[in-house]
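J.: return a 3D structure for these sequence lines:
(chains A and B)
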Number of protein chains: 2
Amino acid sequence: MDFDEFREFGHASIEFIINYLSGIRERDVLPSVAPYSVINQLPKEIPEKPEHWREVLKDLEHIILPGLTHWQSPYFNAFFPSSSSAGSIVGELLIAGIGVLGFSWICSPACTELEVVVMDWLAKFLKLPEHFQHASDGPGGGVIQGSASEAVLVAVLAAREQAVLSCKETHPELSESEVRGKLIAYSSDQSNSCIEKAGVLAAMPIKLLAADEDLILRGDTLRKAIEEDVAAGLIPVICIATLGTTGTCAYDDIESLADVCQALKVWLHVDAAYAGGGFALEECAELRRGLDRVDSLNFNLHKFMLVNFDCSAMWLRDANKVVDSFNVDRIYLKHKHEGQSQIPDFRHWQIPLGRRFRALKVWITFRTLGAEGLRNHVRKHIALAQQFESFVRNDSRFEMVAPQALGLVCFRPRGDNENTTQLLQRLMERKKIYMVKAEHAGRQFLRFAVCGMDAKPSDIEFAWTEIESQLTAHLAEKSLAEVARKPSNVSDLTQHFQMHLANGGGGTHEKSQ
Amino acid sequence: MDFDEFREFGHASIEFIINYLSGIRERDVLPSVAPYSVINQLPKEIPEKPEHWREVLKDLEHIILPGLTHWQSPYFNAFFPSSSSAGSIVGELLIAGIGVLGFSWICSPACTELEVVVMDWLAKFLKLPEHFQHASDGPGGGVIQGSASEAVLVAVLAAREQAVLSCKETHPELSESEVRGKLIAYSSDQSNSCIEKAGVLAAMPIKLLAADEDLILRGDTLRKAIEEDVAAGLIPVICIATLGTTGTCAYDDIESLADVCQALKVWLHVDAAYAGGGFALEECAELRRGLDRVDSLNFNLHKFMLVNFDCSAMWLRDANKVVDSFNVDRIYLKHKHEGQSQIPDFRHWQIPLGRRFRALKVWITFRTLGAEGLRNHVRKHIALAQQFESFVRNDSRFEMVAPQALGLVCFRPRGDNENTTQLLQRLMERKKIYMVKAEHAGRQFLRFAVCGMDAKPSDIEFAWTEIESQLTAHLAEKSLAEVARKPSNVSDLTQHFQMHLANGGGGTHEKSQ
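T.: Residues are numbered from 1 along each chain as shown, chains lettered A, B, ... in the order given. So this is what the prediction gives:
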């Protein structure tokens, strides 16, 4: 493809994206495809001869798009947002077009230096403790990881290696494998699956401690677990706390956890993948309590900062603890400035060797939106969640499961889990909005997460209408089924229909005050 | 930013990239920047108000580009290529614009299914054993990882967990930590640093066995090491062989390694990050020998398939061995088709949970280039390396260090390492071409890797002229310095200058036949 064709294809693709994003509300958020339906529409081999890009865009429109779940739609309310923005999309284009890698400074100095700059920008914007900035005197700093999973794994692995080193000194009588066999880590049973997975990958058990009734992990629980384990001869390594759990966006109590971790010399990592966006707001200042005493934390920029996936910010209080754990090197990777300045060779801060120029999309997004735009985006999500919460609270057929937190509302239809399951199944079959369910203490519930590049109050109304009308339909069907099961006489049947209508089967229903 | 601005910014960025790439030969491949020079040109905080995208592009041009090492330049001859293509660049744009994640099938069915399709396309194109295709009956298949490092780590971790499981059965008298403490893995001392790092991350020592004189690891060496370790009570887990080592593009002897691994039940992984591109060519068919007996392999599409970083293809003979090792799950990740079809939930095949729609750029690149275009690209790199080799062989001041292999030529100026070091330093200071050095058996040498989106014979000539003229200059300076060190009488000095001129100090030099 020559540059003229590249130009045409590129410009046509910009238009393609604008068409897609501007018309995204017109599509069902969930696709109407069965497994293999995309596979079966595509040829079995690479075409021998080049095809024109127009053919590719045509198939993208007619085969791929109908098979997608539309994450940028405001009707996507599952998981957490994976937001994007015009600046970030164009940023990815420029990253690919420039095509540099940044595993060491000399590899592309601006790639490393821009990352230092934007990570410090972000640390200030989020009002993180100063020692997390590269510009601070100490060994702290930030790095862009690919995902929260990788950030957590980096913390877990570095903490593990540091613990092994220190135990070899304090317990010279133990062999290295004896030490490794005694290592133990902690998190809450509300933490993301990537934390349990990090334990599997690190070959270090992570105990998922039962969170309190309000789904928060506190220092007392951690202290008790550690004391028991130490008494049993184990070596506590790290606690991974969460600010914004995936289930309910609960905030672990960082201050009391930090008390325990500091006293017992345990690494404290905070997974703030979602809730980190709140750090930027004065009205969420309490979220930052205790962060001055954590060893590392991560925050996904694609969740709240409108930088598209993948982009997970991670800060370390002492980056040397990671670098010293991971540094293996070869002559062809050395360069003359290595180790002579405070500028990091980021390959030592992460799992892989190669790394993309992700700082570029962060820089472009931040500049084109401004700090003001970023804060407004988080505030908008909070306001939309509050709007949704008010719908839930005003409908007596529903109940809240946890307090609304940032852009997440956890709720359920009253009654047994079957109502929740059935309601979700109906919604999934209709494909108008997409939510997922979660469970706590045997109660299943629905998570409504404000998502999309550009969600509006009318989108929240749309979602709510869809939800409550489907509950109405479900309850009507359930009533009918119950009647059908015991149609002992006609008066029973009549009575049932009357109850059903009174309860909203006809489209109206009792509202709570 | 509204859609009108997005359109303008997008179109301007397409033009920006075309300008950059079409003029890339006019830039020094290495930047003239000292550490901190980019950092010092940028503000210390996110701007409060949004800035216009024109300001951002201006700074990209004037601050960022001058700080980059230009990986897409044909004068970039360091490491291995990280190629790109128009299709792939636009592919990244579309991936970002569509903005879906693909950690499970329901997350975006087309994202998963297109990956199944392109991985099977690639397996056929590379003539890999059929059992690596998703379409085959067995449990094999391919997945896109972010980098070779991650692919290797996935293999190492899965092999580790499988070994622990099987040892617990065969040695019920051992505790899990005793088993883990006995695990041992193998690779060659020529393997990439990411393999040693995988061992560190996995907390499992990887012995870097001395390759033979020709830098190839063979079965005999592996068998001897394993037998010694088994005798010492250790448990061999995995051997990571390399096709195309980073130092010299040597090919480990997969057939003899497979003999040993099969006999001793050791996982065999092949890191073909670079040389995998050769699998596609009939004239490189011998590269594929033994692949029918390996458990897993990886190949970087950004190295030879013109798909930009990050895109590392990995195939597994039995994907269940990875899935079973890594599967931790939560209710919110389940979906109704889960486990009911052969379509994978790729989150279980990799380290992180989140994953980009990378299959899209692969699909677009393959279709717009065709199988023909992909093969031609590999063949062109081989031909250009042969051209470079002929320059080396025709200049008696240089010697080859290893046979030319694919797009890599390893060579050095004759004499002590100081010549190599000094020559490289001169080249780095002039910034016209970028190579890195490597070392084997105490001999330092230079690696000339054919890179860039669109390298031509004239680029190879340019590089060679730069190299040989700088050697000329270095030797002249060295002669002068030697004379200056012992200027015992004038006749010595005269004699030296005459020798120097005869040896090419005046711009000509003796050519070998």
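J.: next, see if the longest helix seen in chain A gets close to chain B.
T.: When chain A is parsed with DSSP state H, its longest helix is helix A:358-393. Yes: counting by Cβ under 8 Å from any Cβ of the partner chain, chain B has neighbours in helix A:358-393: A:360, A:363, A:364, A:366, A:367, A:368, A:369, A:370, A:371, A:372, A:373, A:374. C-beta here means a position set from N, CA and C on the backbone, and glycine is covered the same way.
J.: my guess is the fifth one contacts residue A:90. True?
T.: No: no contact is recorded between residue A:367 and residue A:90 when judged using Cβ atoms under 8 Å, the distance being 11.7 Å.
J.: for these two, indicate the residue with more neighbours.
T.: Set residue A:367 next to residue A:90 and count neighbours by other Cβ atoms under 10 Å in any protein chain shown: residue A:90 wins out with 31 against 22.
J.: elements contacting the helix or strand that contains that one?
T.: Using DSSP states H and E, residue A:90 sits in helix A:86-98. Applying 3 or more Cβ pairs under 8 Å, 6 or more residues apart in numbering or on different chains; DSSP states H and E, one finds that helix A:86-98 contacts helix A:358-393, helix B:3-22, helix B:53-59, helix B:86-98.
J.: switch to 7 Å and redo it
T.: Helix A:86-98 makes packing contacts with helix A:358-393, helix B:3-22, helix B:86-98 when contacts are defined by 3 or more Cβ pairs under 7 Å, 6 or more residues apart in numbering or on different chains; DSSP states H and E.
J.: contacts for that helix?
T.: A:17, A:306-308, A:356-358, A:360-361, A:364-365, A:368-369, B:1, B:5-6, B:9-10, B:13, B:17, B:20-21, B:68, B:84, B:88-89, B:92-93, B:96-97, B:308 (Cβ atoms under 7 Å, 6 or more residues apart in numbering or on different chains).
J.: tell me the first helix or strand C-terminal of it.
T.: helix A:109-125.
J.: quick check: what element follows that following helix along the chain?
T.: strand A:141-145.
J.: domain-wise, how is chain A divided?
T.: A:3-68, A:100-356, A:369-505 (automatic domain parsing).
J.: anything in stretch A:400-416 near chain B?
T.: No: under the criterion of Cβ under 7 Å from any Cβ of the partner chain, chain B is not reached by stretch A:400-416; the shortest gap measures 11.2 Å.
J.: by proximity to chain B, which residue of the stretch 401-513 of chain A wins?
T.: Here the residue of the stretch 401-513 of chain A nearest chain B is residue A:436; by Cβ to the nearest Cβ that distance is 4.4 Å.
J.: so that residue touches residue A:80, yeah?
T.: No: Residue A:436 is not in contact with residue A:80 according to Cβ atoms under 7 Å; the separation is 10.4 Å.
J.: who has more neighbours, the two?
T.: Neighbours were counted for residue A:436 and for residue A:80 using other Cβ under 10 Å; residue A:80 has more, 23 against 20.
J.: wait, doesn't that one sit right on residue A:276?
T.: No: counting by Cβ under 7 Å, residue A:80 does not reach residue A:276; the two are 11.3 Å apart.
J.: shared neighbours of these two, anything?
T.: Counting by Cβ under 7 Å, 6+ apart, no residue touches both residue A:80 and residue A:276.
J.: if we can go back for a sec, need the winner for burial among the domains of chain A.
T.: A comparison of the domains of chain A by mean neighbour count, using mean count of other Cβ atoms under 10 Å in any protein chain shown, puts domain A:100-356 on top with a mean of 21.
J.: how distant is that one from the center of its chain?
T.: With Cα atoms, centre = their mean, to the nearest Å as the basis, domain A:100-356 stands 16 Å off its chain's centre.
J.: what is the end-to-end distance of it?
T.: One end of domain A:100-356 sits 7 Å from the other (Cα to Cα, to the nearest Å).
J.: same question for stretch A:325-344.
T.: Stretch A:325-344 has an end-to-end distance of 15 Å (Cα to Cα).
J.: average pLDDT for that stretch?
T.: Averaged across stretch A:325-344, the pLDDT comes to 67.
J.: same question, stretch A:238-247
T.: Average pLDDT, stretch A:238-247: 97.
J.: who touches it?
T.: A:152, A:155-156, A:159, A:185-188, A:190-192, A:195, A:215, A:217, A:222, A:251-252, A:254, A:257, A:261, A:266-276, A:287, A:406, A:438, A:440, B:332.
J.: need the strands for chain A, in chain order.
T.: When assigned using DSSP state E, the strands of chain A occupy the ranges A:141-145, A:183-188, A:206-209, A:235-242, A:267-271, A:296-300, A:312-316, A:398-400, A:408-413, A:436-440, A:443-449.
J.: and those strands, which one's lowest on average pLDDT?
T.: Among the strands of chain A, strand A:436-440 has the lowest mean pLDDT, at a mean of 93.
J.: what does the closest residue to residue A:369 other than its chain neighbours show for phi and psi?
T.: Excluding the flanking residues, the one nearest residue A:369 by Cβ to Cβ, 6 or more residues apart in numbering or on different chains is residue B:50, at 5.6 Å. With angles defined as degrees, to the nearest 10, residue B:50 sits at phi -60, psi 150.
J.: repeat that for residue A:69.
T.: phi -90, psi 130.
J.: count of neighbours near it?
T.: 25.
J.: I'd say it and residue B:110 touch.
T.: No: under the criterion of Cβ under 7 Å, residue A:69 is not in contact with residue B:110, lying 8.8 Å apart.
J.: using PDB, write out every CA atom in the helix holding residue A:90.
T.: Once non-C-alpha atoms are left out, helix A:86-98 reads as follows in PDB (Å, rounded to 0.1, in the frame of the first residue of the first chain):
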ATOM      1  CA  ALA A  86     -11.200  11.500  20.400                       C
ATOM      2  CA  GLY A  87      -7.800  12.500  21.600                       C
ATOM      3  CA  SER A  88      -7.000   9.100  22.800                       C
ATOM      4  CA  ILE A  89      -8.200   7.400  19.600                       C
ATOM      5  CA  VAL A  90      -6.000   9.700  17.500                       C
ATOM      6  CA  GLY A  91      -3.300   9.200  20.000                       C
ATOM      7  CA  GLU A  92      -3.300   5.400  19.200                       C
ATOM      8  CA  LEU A  93      -3.100   6.300  15.500                       C
ATOM      9  CA  LEU A  94      -0.100   8.400  16.100                       C
ATOM     10  CA  ILE A  95       1.600   5.800  18.400                       C
ATOM     11  CA  ALA A  96       1.200   3.200  15.600                       C
ATOM     12  CA  GLY A  97       2.300   5.600  12.900                       C
ATOM     13  CA  ILE A  98       5.400   6.700  14.700                       C
END
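J.: what's the angle from that helix to helix B:358-393?
T.: Orientation check (axes from the mean of the first three to the mean of the last three Cα atoms, to 10 degrees): helix A:86-98 against helix B:358-393 gives 30 degrees.
J.: may I see the buried residues of helix A:86-98?
T.: A:86-98 (16 or more other Cβ atoms under 10 Å in any protein chain shown).
J.: so how far is it from its chain's centroid?
T.: 22 Å.
J.: and if you look at stretch A:478-486?
T.: Using Cα atoms, centre = their mean, the offset of stretch A:478-486 from its chain centre is 42 Å.
J.: model confidence over that stretch, on average?
T.: On average, stretch A:478-486 scores 86.
J.: thinking again about what came up before, mean pLDDT lowest where, among the domains of chain A?
T.: domain A:369-505 (a mean of 89).
J.: quick one: that one to chain centroid distance?
T.: That offset, for domain A:369-505, works out to 22 Å (Cα atoms, centre = their mean).
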